[in-house]
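One predicted model, sequence on top.
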Amino acid sequence: MKHISSIASGVALGSAGVMMMSVLSGCEAPQQKQQNRFLVIEQQTNGKYLVVEEMPTEGPSRAIIRERDINGNISERFMSEAEMKALAEQEYQKVQNGTSETVSSGDSSGGMGLAGTILAVAAGSLLGNMIGNALMGNKNFSKRSGAVNKSSYSRSAAGKASRSGSSKKSFFKGSSKKSFFGGRRFGG
């Protein structure tokens with residue numbers, strides 16, 4: 001009988017180990033480095049900015065800024081990662097002071113200022129994951145960051161995230177994969 005109880009405790013420890021490994025592996029995902037981005041940011045007729053194109057990039061983050069002059073003519077300029085980071089840091093200081101439009105509860109459908117738009121879209125890749133995650137935890141910031149990004153990449157990534165989040169299965173139930181034991185399913 002003593003032998004059976006040691007087997008049972010071994011099975012329980014093994015199961016607990018498997019559960020702990022699955023929990024820990026799930027916790028590692030947010031720790032990954034944010035993907036750098038190439039952005040095209042366009043000034044609207046109201047003077048505010050929206051992201052109209054976004055692509056992940058292997059190189060440094062950078063942007064093309066399309067701005068309108070007083071006659072409505074559009075000109076483009078290049079913005080390096082250093083310039084983007086400097087604007088994002090300035091806007092993050094405003095977040096800390098409570099004066100940033102990125103955390104206000106006002107309407108953002110018409111865009112935000114250039115620094116706010118850059119911070120909203122690329123905070124994690126420019127300032128680090130901890131700051132990016134902290135900002136996305138703010139309900140107003142999250143809402144406003146989604147409103148300024150009109151790129152198809154952003155819509156596609158958001159759709160993939162919601163689809164993958166809603167179709168996750170339990171570790172023990174709902175798996176339709178067959179084991180190597182004669183096609184029998186275990187745990188579902």
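That came through fine.

Give the buried residues for stretch 58-73.
61, 62, 63, 65, 66 (16 or more other CB atoms under 10 Å). C-beta here means a position set from N, CA and C on the backbone, and glycine is covered the same way.

Report pLDDT for the fourth one.
In the prediction, the pLDDT value recorded for residue 65 is 96.

circling back to that earlier point, now the buried residues of stretch 58-73 as TSV including secondary structure?
TSV is the format used below for the buried residues of stretch 58-73 (DSSP: H, G, I helix; E, B strand; the rest coil):
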residue	secondary structure
61	coil
62	strand
63	strand
65	strand
66	strand
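
Run through the strands of this structure in chain order.
Assigned by DSSP state E, the chain shows strands spanning 36-43, 49-57, 62-68, 74-79.

As JSON lines, those strands with distance to residue 118 would be great.
Formatted as JSON lines, those follow (distance: least, CB to CB, whole Å):
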{"stretch": "strand 36-43", "distance to residue 118": "7"}
{"stretch": "strand 49-57", "distance to residue 118": "8"}
{"stretch": "strand 62-68", "distance to residue 118": "7"}
{"stretch": "strand 74-79", "distance to residue 118": "8"}
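
wait, which of the ones you listed is closest to residue 104?
strand 49-57 (15.8 Å; CB to CB).
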